[in-house]
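1. The following block contains a protein sequence and its predicted model.
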Amino acid sequence: MIVIAMAQMLMSFNVSALPVSMSGMVNSFNTPPTTVGTAVVMYSLGVSGFVMLGAKLGQRFGSKIFFQAAVVLFLVAMVLMVISPTAGVMLAGQALAGFAGASLVPSLVALIANHYRGRQQAKAVGWLGSARAIAGVLAFVIVGYVAMINWRLAFALLIVHAAAILLLSFKLKPSPPRPEVQIDVGGVILAAVAVIMISFGFNNLRTWGVLLARPGAPFDLVGVSPAPVMIAVGVVLFMAFFMWSHRQAAAGNTPLLALEVVDSPHEWAAVFTLFIIVGTEGAINFLVPLYIQIVQGRSSAATSVAMMPFMLTVFFTAILIVRLYDRFTPRQIARAAFVLVTAGALWLALVVRNDWSVLPVILGLITVGLGQGALVTLLFNVLVTASPKELAADVGSLRGVTQNLAAAVGTAVIATLVVGVLSAGVLRQVTDNPLITAEMKAEVDLDSINFLNNDRLKERFEGTTATAGQVTEAVRINTETRLQALKVGFFVLAGLAFLAIVPCGWLPDYKPGDIPGDQPTRAPRRA
């Protein structure tokens with residue numbers, strides 16, 4: 001369990017370290033903060049695009065040896081992060097880490113299925129979820145202080161972490177390879193291209209345009225932005241992937257994803273709700289560091305302090321929620337958890353100010369964390385225990401696609417939303433403002449508005465004809481619209497969590513149990 005938990009922490013630490021290192025990366029690479037969001041997307045893209053392939057390769061060559069190879073690849077990716085001279089190399093390092101994660105994610109579920117049964121198995125699933133949360137806590141604590149020296153040191157620590165996992169992994173049970181497992185090349189292509197199209201589409205909504213093409217778009221389709229078109233094409237390809245998989249199964253071939261893990265409303269509800277809650281988590285993990293480091297101009301250590309209540313709450317809830325499995329059904333727990341997320345996000349939208357240390361904001365983050373921790377563990381357990389043991393790697397790949405695609409989409413959408421609200425607010429306030437003259441508008445590019453702290457904004461006005469009064473007015477507009485954008489972001493997250501209560505009605509309404517045994521046919525469903 002130590003090896004499994006450490007591997008989950010390796011991946012989660014990497015993702016959590018990115019937003020905490022935001023200000024350091026912005027300064028090192030002279031790049032906008034949304035580039036860090038792109039790095040999260042690149043990692044998630046690698047995992048979600050190729051995790052189903054990783055599951056099949058793990059089955060074919062043996063989960064233990066494939067797990068070890070993936071750890072080595074992750075180590076190489078972290079070396080690339082540490083030495084990256086440009087933002088492009090940094091993004092390449094995250095993409096490589098994503099490929100490694102695509103192999104690690106299904107291996108972890110397979111290892112749990114191989115080593116645990118019954119109540120121990122439910123606890124192991126809980127610990128896997130809590131390992132993800134505690135990695136976030138450690139990332140925000142360690143990276144928050146290490147990044148004050150140099151953000152690269154945080155990723156250097158992951159090199160040591162990966163080496164330790166590799167050494168300990170030799171203690172794992174050997175898993176025999178299954179050379180008879182086929183690789184569905186057509187399914188790999190359809191799934192990977194679908195994920196790439198969806199991820200790139202969402203990630204470029206802000207620069208290419210949500211509907212109409214903006215000047216930054218590489219091309220347009222009769223004036224329409226390519227971003228929503230890519231998203232639509234990606235969705236169609238996902239539908240084609242499932243149609244292809246059914247045809248492969250009907251022909252007696254092995255599909256890329258075992259259809260048994262997604263053949264009931266219970267499992268689809270678990271996938272859908274898991275996507276929503278992980279996307280919400282990704283959005284919060286982007287919003288809070290963005291506001292503290294870029295808007296307030298405070299240190300990464302301040303980000304650690306601000307996020308600590310949220311991350312600790314997720315950690316403890318992910319472990320302790322297992323105790324409620326004998327008293328409440330997954331449907332009841334999920335509904336209550338989404339109510340907490342809705343209430344917490346709505347509360348944050350109402351009380352958030354320019355000071356994250358106030359008690360009301362801390363209470364809001366804790367409330368969201370309670371729902372977050374409960375849902376991630378619960379929904380994962382529903383997926384794991386609804387399928388036979390031999391399909392554990394397929395369940396792991398389904399979880400990997402869902403979580404990483406959700407993290408990428410959640411981060412990209414919230415970035416597009418808050419920057420869009422910021423731009424609209426600034427343009428609205430400067431349109432008829434007598435202090436903001438036409439000359440001043442011409443000197444400041446209003447087509448590329450992004451989040452800036454007030455000191456950086458003042459620096460932009462140096463060398464222009466702006467008077468002291470005009471600069472003061474610009475700072476006021478910037479301060480007000482930034483806060484408005486943040487509030488709108490939390491309102492949207494609250495609304496999304498509230499809507500997610502509806503699909504919770506399709507979750508299982510029975511008590512959790514164990515993974516069915518090694519039957520060749522579908523066992524009775526239990527969660």
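-> Nice, thanks for sending it over. Residues are numbered from 1 along each chain as shown.
2. which residues touch residue 147?
-> 20-21, 23-24, 153-154, 300 (C-beta atoms under 8 Å, 6 or more residues apart in numbering). Backbone N, C-alpha and C define where each C-beta goes, glycine included.
3. These, buried ones only, as a ChimeraX selection?
-> The buried residues among these can be selected in ChimeraX (16 or more other C-beta atoms under 10 Å) with this line:
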select :20,21,23,24,153,154,300
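4. Lowest-confidence entry in the contacts of residue 147?
-> When the contacts of residue 147 are compared by pLDDT, residue 300 scores lowest at 66.
5. tell me which strands and helices whichever helix in the chain runs longest is in contact with?
-> Selection of the longest helix in the chain by residue count, based on DSSP state H, yields helix 392-431. Helices and strands touching helix 392-431, by 3 or more C-beta pairs under 8 Å, 6 or more residues apart in numbering; DSSP states H and E, are helix 34-61, helix 87-115, helix 185-203, helix 205-208, helix 265-289, helix 359-385, helix 468-499.
6. Show me how far it is from its chain's centre.
-> The gap between where helix 392-431 is centred and where its chain is centred comes out at 9 Å by C-alpha atoms, centre = their mean, to the nearest Å.
7. Tell me how many other residues surround the nearest residue to residue 183 once chain neighbours are set aside.
-> Distance criterion C-beta to C-beta, 6 or more residues apart in numbering; nearest residue to residue 183, sequence neighbours excluded, is residue 56 at 5.6 Å. Neighbourhood size, residue 56 [other C-beta atoms under 10 Å]: 25.
8. show me what contacts residue 205?
-> 225, 227-228, 412-413, 416.
9. now those residues in a markdown table, with pLDDT and neighbour count?
-> Conversion of the contacts of residue 205 to a markdown table gives the following (pLDDT from 0 to 100; neighbours: other C-beta atoms under 10 Å):
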| residue | pLDDT | neighbour count |
| --- | --- | --- |
| 225 | 93 | 23 |
| 227 | 92 | 25 |
| 228 | 93 | 19 |
| 412 | 84 | 30 |
| 413 | 89 | 21 |
| 416 | 85 | 20 |
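10. which among those gets closest to residue 62?
-> Distance to residue 62 across the contacts of residue 205 (C-beta to C-beta) is lowest for residue 412, with 35.8 Å.
11. Tell me if I'm right that that closest one and residue 207 touch.
-> No. Taking C-beta atoms under 8 Å as the definition, residue 412 is not a contact partner of residue 207, at 10.7 Å.
12. spatially speaking, which residue is in the middle of this protein?
-> For the chain, the residue lying nearest the average C-alpha position, counting by C-alpha atoms, centre = their mean, turns out to be residue 407 (2.2 Å).
13. who are the neighbours in contact with that one?
-> Counting by C-beta under 8 Å, 6+ apart, residue 407 touches 15, 40, 44, 278-279, 281-282.
14. out of these, what pair is the most spread apart?
-> Between any two of the contacts of residue 407, the greatest separation by C-beta to C-beta is 13.5 Å, found for 15 and 279.
15. ok, back up a step: name the nearest of the contacts of residue 205 relative to residue 268.
-> Taking C-beta to C-beta as the measure, residue 268 sits nearest to residue 413 out of those, at 21.5 Å.
16. wait, doesn't the closest one sit right on residue 282?
-> No. At 9.1 Å, residue 413 and residue 282 do not qualify as touching, with contact defined as C-beta under 8 Å.
17. separation between residue 318 and residue 392?
-> Distance from residue 318 to residue 392, counting by C-beta to C-beta, to the nearest Å: 20 Å.
18. out of the two, which sits in the busier spot?
-> Set side by side, residue 318 and residue 392 give different neighbour counts by other C-beta under 10 Å, the larger being at residue 318 (28 against 25).
19. coming back round to it: so what angle separates the directions of the longest helix of the chain and helix 34-61?
-> Per axes from the mean of the first three to the mean of the last three C-alpha atoms, to 10 degrees, the angle that helix 392-431 makes with helix 34-61 is 170 degrees.
20. And the contacts of stretch 76-94?
-> With C-beta under 8 Å, 6+ apart as the test, stretch 76-94 has contacts from 14, 18, 25, 29, 31, 35, 38-40, 42-43, 46, 96-97, 100, 152, 155-156, 158-159, 162.
21. pLDDT below threshold where in the stretch 301-450 of the chain?
-> Within the stretch 301-450 of the chain, the set of residues satisfying pLDDT under 70 comprises 355-357, 387, 389, 438-439, 441-450.
22. rerun at 90
-> Regions of the stretch 301-450 of the chain meeting the criterion pLDDT under 90 cover residues 301-312, 314-328, 351-362, 373, 376-409, 411-413, 415-450.
23. Name the SS class of residue 164, please.
-> Here residue 164 is recorded as helix under DSSP: H, G, I helix; E, B strand; the rest coil.
24. Report how many residues lie close to it.
-> Residues near residue 164, counting by other C-beta under 10 Å, number 14.
25. Compute the distance between it and residue 147, please.
-> Residue 164 is 22 Å from residue 147, where distance means C-beta to C-beta.
26. cool, residue 54 as well?
-> Taking C-beta to C-beta as the measure, residue 54 and residue 147 are separated by 30 Å.
27. can you check residue 1 too?
-> Separation of residue 1 from residue 147 (C-beta to C-beta) stands at 30 Å.
28. repeat for residue 230
-> With the distance defined as C-beta to C-beta, residue 230 ends up 33 Å from residue 147.
29. again, but for residue 180
-> Here residue 180 is placed at a distance of 48 Å from residue 147 (C-beta to C-beta).
30. same question, residue 395
-> With C-beta to C-beta as the criterion, residue 395 and residue 147 are 35 Å apart.
31. And for residue 220?
-> Look at residue 220 and residue 147: by C-beta to C-beta, they are 39 Å apart.
32. and residue 168, what does it touch?
-> Contacts were defined as C-beta under 8 Å, 6+ apart; by that measure residue 168 touches 2-3, 6.
33. ok, now with 6 Å
-> residue 3 (C-beta atoms under 6 Å, 6 or more residues apart in numbering).
34. Show me which parts of the one helix or strand it maps to are buried, residue by residue.
-> When elements are assigned from DSSP states H and E, residue 168 belongs to helix 152-168. Within helix 152-168, the residues scored as buried using 16+ other C-beta under 10 Å are 152-159, 161-162, 165-166.
35. Considering those, which is situated nearest to residue 141?
-> The closest of the buried residues of helix 152-168 to residue 141 turns out to be residue 154 (C-beta to C-beta; 10.8 Å).
36. Skipping its backbone neighbours, what lies nearest the closest one in space?
-> residue 143 (4.2 Å).
37. What is the burial count for the one you found?
-> Residues lying near residue 143 (other C-beta under 10 Å) number 27.
38. and what of residue 325?
-> The local packing count at residue 325 equals 20, with neighbours defined by other C-beta under 10 Å.
39. now residue 142
-> Other residues near residue 142 come to 18 when the count uses other C-beta under 10 Å.
40. any idea how far it lies from residue 48?
-> 26 Å.
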